[in-house]
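**Q** Pasted the sequence and its predicted model underneath.
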Amino acid sequence: MDLDFTDEQVEFRDEVRTWLAENKPREQRPDDAAGIREYDLGWQRTQWDGGWAGIAWPTEYGGGGLSLTQQLIWYEEYAAQGLPGIDATFVGLNHAGPTLMTRASEEQRAFHLPRILRGEAVWCQGFSEPDAGSDLASLRTRAVIDGDELVINGQKIWTSFANIADYQELLVRTDATGSKHEGITWAICDMRLPGIDVRPITTIEGGAEFCEVFYDDVRIPLSSVVGTIGDGWSVAMSTLSFERGTAFTANQVRLAKIVEDLIDFARDHLGPDGRRPAIADDQIARRLAEVRAAVASLRAMTYVGICDAMRTDTPGPRGSMLKLVYADLCKEIAALGMDIVGADALRRTSRWEPNGWVGYYYYAFSQSIGGGTSEIQRNIIGERMLGLPR
């Protein structure tokens, strides 16, 4: 495997960097739900107008038809500009869109994919439930077929941006007679349907994008089912493979920037002994070197994952390795940052962490939970990559 970029790819990187620098949003992202929706969709429309939306999506679906390597370059430069890796358009672009391309009907693709790319719709994910998070197959939200409709009753939780979403990728149980992995159906849910109740959840680090969603006799047309009735587990695994693959590349680059920010801070501020710069402390210097090397290793793993993805239409279990390493590294860097910044962490912000280091420290713990816990990722790696017994 060659980790060097070609002259054409270097030229492409320069083009991306220039366009982002000239066109990225200048105003601060709002905190309120309506403002977030308008801001994120507006930025997506700017990317569409500039020809940068869906870089690696096939041209027949409105994308750029470019390579995964070019998409990687886009993510890297995107993060280098300080733009967030996850916003209200994330699920549509990185979950729903790729899943629809590989598993949906032509009618479903024709209706939804252009709206995602053009910044006309926000998607959310209705997978996790209070008693079905890591063990997703234990979900209980029930769907009964009534004529040409599914009637939904149940609850979902940790549904990011459900309060501003137009559509939801929804997993429901349509048959409880077989194994728990059977009888699950993946459907497109219009979030404006009667019977849907969305309740935002304020998290420990101050965010409010997570929501609970309740369904009371919500009627979804059978034409909104992706795949077939009862085959939702297979469709969901496609969705999660995309989520755990290259979709978080921008977050990895952002992590590298956080490390460099910490190194700069350690050079210019007193360390724990109060007598010399923090970087002069042998333990802090060693830990900074270790996390910088770990970030570089994670980048190399991502490049390997890109090469693997070029040989298959759907990402495989290797994405679980990336997610596991990324989650552990987030927590390690957050703890190191708290040790370096010290009491000043209660008030200090950075260009990468507008909510402060304390907010980032709390947020880091969620990285080993959201999108599948680290324990689940280890199971996937052990069973599907190493061939270990269940």
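**A** It's in.

**Q** pretty sure W357 contacts G337?
**A** Yes. W357 lies in contact with G337 (C-beta atoms under 8 Å); the separation is 5.1 Å. For every residue, glycine as well, the C-beta is placed using N, CA and C.

**Q** got any residues that touch both of those two?
**A** By C-beta atoms under 8 Å, 6 or more residues apart in numbering, W357 and G337 have these common neighbours: A345.

**Q** Domain map for the chain?
**A** Domains of the chain are assigned by automatic domain parsing as 7-87, 124-230, 245-385.

**Q** lowest-pLDDT helix or strand in the protein?
**A** Confidence across the helices and strands of the chain bottoms out at helix 232-244, with a mean of 71, counting by mean pLDDT, DSSP states H and E.

**Q** And the next helix or strand past that helix?
**A** helix 249-268 (DSSP states H and E).

**Q** where does this structure have low pLDDT?
**A** The model of the chain has pLDDT under 70 over residues 1-3, 204-207, 239-248, 306-317, 346-355.

**Q** Against the centre of it, work out the most remote residue.
**A** The outermost residue of the chain relative to its centre, with distances by C-alpha atoms, centre = their mean, is R275 at 41.7 Å.

**Q** Then that residue would be within a helix, right?
**A** No. R275 is assigned coil when assessed by DSSP: H, G, I helix; E, B strand; the rest coil, not a helix.

**Q** Strands of this protein, residue ranges please.
**A** With DSSP state E applied, the chain shows strands at 123-126, 142-146, 149-156, 167-173, 184-190, 196-200, 211-221, 225-226, listed in chain order.

**Q** Can you tell me which of those strands is packed in deepest?
**A** Of the strands of the chain, the one with the most neighbours on average (mean count of other C-beta atoms under 10 Å) is strand 123-126, at a mean of 28.

**Q** So in that sheet, which strands flank that one, and in what orientation?
**A** strand 167-173 (parallel) (DSSP bridges).

**Q** what angle separates the strand it pairs with from strand 142-146?
**A** Strand 167-173 and strand 142-146 are oriented at 90 degrees to each other (axes from the mean of the first three to the mean of the last three C-alpha atoms, to 10 degrees).

**Q** How much space separates F5 from I73?
**A** F5 is 8 Å from I73, where distance means C-beta to C-beta, to the nearest Å.

**Q** for E212, same thing?
**A** Look at E212 and I73: by C-beta to C-beta, they are 38 Å apart.

**Q** same deal with Y167?
**A** For Y167, the distance to I73 - C-beta to C-beta - is 29 Å.

**Q** And for A88?
**A** As for A88, its distance to I73 is 24 Å (criterion: C-beta to C-beta).

**Q** For the top helix by length along the chain, buried residues please.
**A** Among the segments of the chain that qualify as a helix by DSSP state H, the longest is helix 282-309. In terms of neighbour count (16 or more other C-beta atoms under 10 Å), helix 282-309 has its buried residues at 284-285, 287-288, 291-292, 294-295, 298-299, 301-303, 305-306, 308-309.

**Q** And for stretch 60-71?
**A** Buried residues in stretch 60-71, counted by 16+ other C-beta under 10 Å: 61-64, 66, 68-71.

**Q** For T228, state which of these is nearest.
**A** Distance to T228, by C-beta to C-beta, is smallest for Y61 among the buried residues of stretch 60-71, at 21.7 Å.

**Q** circling back: among F5 and I73, which residue is more densely surrounded?
**A** Neighbour totals were compared for F5 and I73, and I73 leads with 23 against 14 (other C-beta atoms under 10 Å).

**Q** show me the contacts for the more buried one.
**A** I73 sits next to 5, 9, 12-13, 16 when contact means C-beta under 8 Å, 6+ apart.

**Q** Sitting in helices, which of the residues you listed do you find?
**A** 9, 12-13, 16.

**Q** Buried ones from these, can you make that a PyMOL selection?
**A** Per 16+ other C-beta under 10 Å, the buried members of those correspond to this PyMOL selection:
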select buried, resi 12+13+16
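
**Q** which one of the ones in helices among the contacts of I73 is nearest F365?
**A** V16 (32.5 Å).

**Q** nearest spatial neighbour of that closest one, skipping sequence neighbours?
**A** Leaving out its chain neighbours, the residue that sits closest to V16 by C-beta to C-beta, 6 or more residues apart in numbering is E77, at 4.6 Å.

**Q** what do you get for K331?
**A** Leaving aside its chain neighbours, K331 sits nearest to A364 (4.8 Å; criterion: C-beta to C-beta, 6+ apart).

**Q** which stretch among the strands of the chain comes nearest V325?
**A** Per C-beta to C-beta, nearest to V325 of those: strand 123-126, 22.7 Å.

**Q** Give me the number of neighbouring residues for G51.
**A** G51: 9 surrounding residues under other C-beta under 10 Å.

**Q** Touching, it and G64? I think so.
**A** Yes. Between G51 and G64 there is a contact under C-beta under 8 Å: 7.0 Å.

**Q** Torsion angles phi and psi at the residue lying closest to Q44 once chain neighbours are set aside?
**A** Sequence neighbours aside, G119 is the residue nearest to Q44 in space, at 3.2 Å (criterion: C-beta to C-beta, 6+ apart). For G119, the backbone dihedrals are phi 70, psi 40 (criterion: degrees, to the nearest 10).

**Q** correct me, but G119 touches L41?
**A** Yes. Taking contacts as C-beta under 8 Å, G119 lies within contact range of L41: 4.3 Å.
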